[in-house]
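Student: Fold the following.
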Amino acid sequence: MSEGFATVQGMRFLHTSDWHLGRSLHRADLRAAQAGFLDHLVEVARAERVDAVLVAGDVYDRAIPPVDSVSLYEDALARLRATGARVVLISGNHDSARRLGVNSALIDASGVHLRTRPAALADPVLLPDEHGEVAVYGVPYLEPALGMPDAGAQEPGIPQDDDVGPRTHEAVLRKAVHRIRANALARGVARTIVMAHAWVAGGASEDERHRDAEQAKSDSERDISVGGIGYVPASLFDGFSYVALGHLHGRRTLAENLRYSGSPLPYSFSEKNHEKGSWLVEVGFDGTASAAWVPAPVHKRLATLTGHLDDLLTSRAYDEREADYVAVTLTDTARPVGAMDKLRARFPHILTLEFKPEGVTPDKRSYGEKVKGRDDLTVAAEFVRHVRNTAATVPEQELLAAAFAAAREDGEH
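Tutor: Modelled structure (predicted):
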């Protein structure tokens, strides 16, 4: 079921994230696709006999999720637990940490561990095997504006936190990692896994990290940057056995032990070429990790089509796209009448339609510059030209003039 997994003697994990239950794709209902992925995840957990499933945040798409999404989530947790795997889950920036973490102390006893409180991020889930324990630390999404909460009473030998510095993602995550390292040292655990929901970038220099982070972004991700410095360096997580990251929607390997699983479904057309899935991870007795990719089932492909309407409607080159979710850009010199209805007859799952006529140079002037010195009728007629790339006809201009006259008359009364 996985691709190219190198077997080692150790503990096995399934790393997933960014389910975004309740999300649609340009109003297309994705509930069946999300349910299909969760069915697949349960089957992988059972077939691969994983010890724990790590869910790295953004379980839901919004703070107050739809009721059916909550039911889907509850059912998935119960079925994952029934495979024998423990489940460790953190909250992401889309989740309501308080709602997601309700009754977490009681649920812990069932083998489902909800880590949504920043104050408890250094309290690990301990998973034993014949070699000792693996400590799994869950770092929920940390809001930089709030800073890190007081760590409370410190265990003997654990150094105190640094003074509060600039409130950026790097600053709060650095404090979180400091607390985790101190806790692991005090416990004497050599095998450590960290889960975090953040924007992590590789590269040795500031420019390299910024470029890497920009390339990793997707249109469906909510920007969590503050002042343009929302990403954190990958080096912050040096030394851990494995780091299961969430937030970015494309799978990424920043280091052998530092990975994003990405979202299980494409949530924007910018993700049309992503391969979706999860990571199957094994942590050996010596603390080293190896990972293999487990592809997720494809519910429906995404495609972007560009061209003249007649060509899109008749060319056999688009036959294989008729069952896909499609985004269409028309390049006809004039906007065709009834284009969406005609396209839907061939592409029933068309989701978006844009009009970018060939040979038209974008007007980069500001709105104020475009309308300066022009009367209402001229501005309205230019808007018609902008929308369909043809001038308003005489009857249309007469209709616009009558509308403006009626509006002025009503204003006088």
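
Student: got the contact list for Phe269?
Tutor: Going by CB atoms under 8 Å, 6 or more residues apart in numbering, Phe269 touches Asp219, Leu302, Thr304, Ala327, Thr352. For every residue, glycine as well, the C-beta is placed using N, CA and C.

Student: who wins for neighbours among those?
Tutor: Of all these, the highest neighbour tally under other CB atoms under 10 Å goes to Leu302, namely 23 neighbours.

Student: Give me the helix or strand of this structure that scores worst on average pLDDT.
Tutor: Least confident helix or strand of the chain, by mean pLDDT, DSSP states H and E, is helix 206-216 with a mean of 53.

Student: Next secondary structure element downstream of the helix or strand containing Asp39?
Tutor: Following DSSP states H and E, one finds Asp39 within helix 31-47. Going down the chain from helix 31-47, the next helix or strand is strand 52-56, by DSSP H and E.

Student: list the buried ones in the helix or strand that comes right after that next one?
Tutor: Later in the chain than strand 52-56, the nearest helix or strand by DSSP H and E is helix 67-82. By 16 or more other CB atoms under 10 Å, the buried positions in helix 67-82 come out as Ser69, Val70, Leu72, Tyr73, Ala76, Leu77, Arg79, Leu80, Arg81.

Student: Could you do stretch 359-369 as well?
Tutor: For stretch 359-369, it's none, nothing buried (16+ other CB under 10 Å).

Student: And stretch 184-198, by the same measure?
Tutor: For stretch 184-198, a neighbour-count test (16+ other CB under 10 Å) marks Ala184, Val189, Arg191, Thr192, Ile193, Val194, Met195, Ala196, His197, Ala198 as buried.

Student: Would you map the helices across the stretch 51-200 of the chain?
Tutor: With helices called from DSSP state H, counting those that start in this stretch, the stretch 51-200 of the chain shows them at 67-82, 97-100, 104-108, 169-187.

Student: Format those as JSON lines; extra columns: mean pLDDT.
Tutor: Converted to JSON lines, the helices of the stretch 51-200 of the chain look like this (pLDDT from 0 to 100):
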{"stretch": "helix 67-82", "mean pLDDT": "97"}
{"stretch": "helix 97-100", "mean pLDDT": "90"}
{"stretch": "helix 104-108", "mean pLDDT": "86"}
{"stretch": "helix 169-187", "mean pLDDT": "94"}
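
Student: Relative to whichever strand or helix holds Val328, what are the paired strands and their orientations?
Tutor: Taking DSSP H and E as the definition, Val328 sits inside strand 325-330. Strand 325-330 pairs in its sheet with strand 302-307 (parallel), strand 350-355 (parallel), by DSSP bridges.

Student: deepest of these, which one?
Tutor: strand 302-307 (a mean of 18; mean count of other CB atoms under 10 Å).

Student: what's downstream of that strand, the next helix or strand?
Tutor: helix 309-314.

Student: Which secondary structure elements does that following helix sit against?
Tutor: On a contact count with 3 or more CB pairs under 8 Å, 6 or more residues apart in numbering; DSSP states H and E, helix 309-314 meets strand 325-330, helix 339-346.
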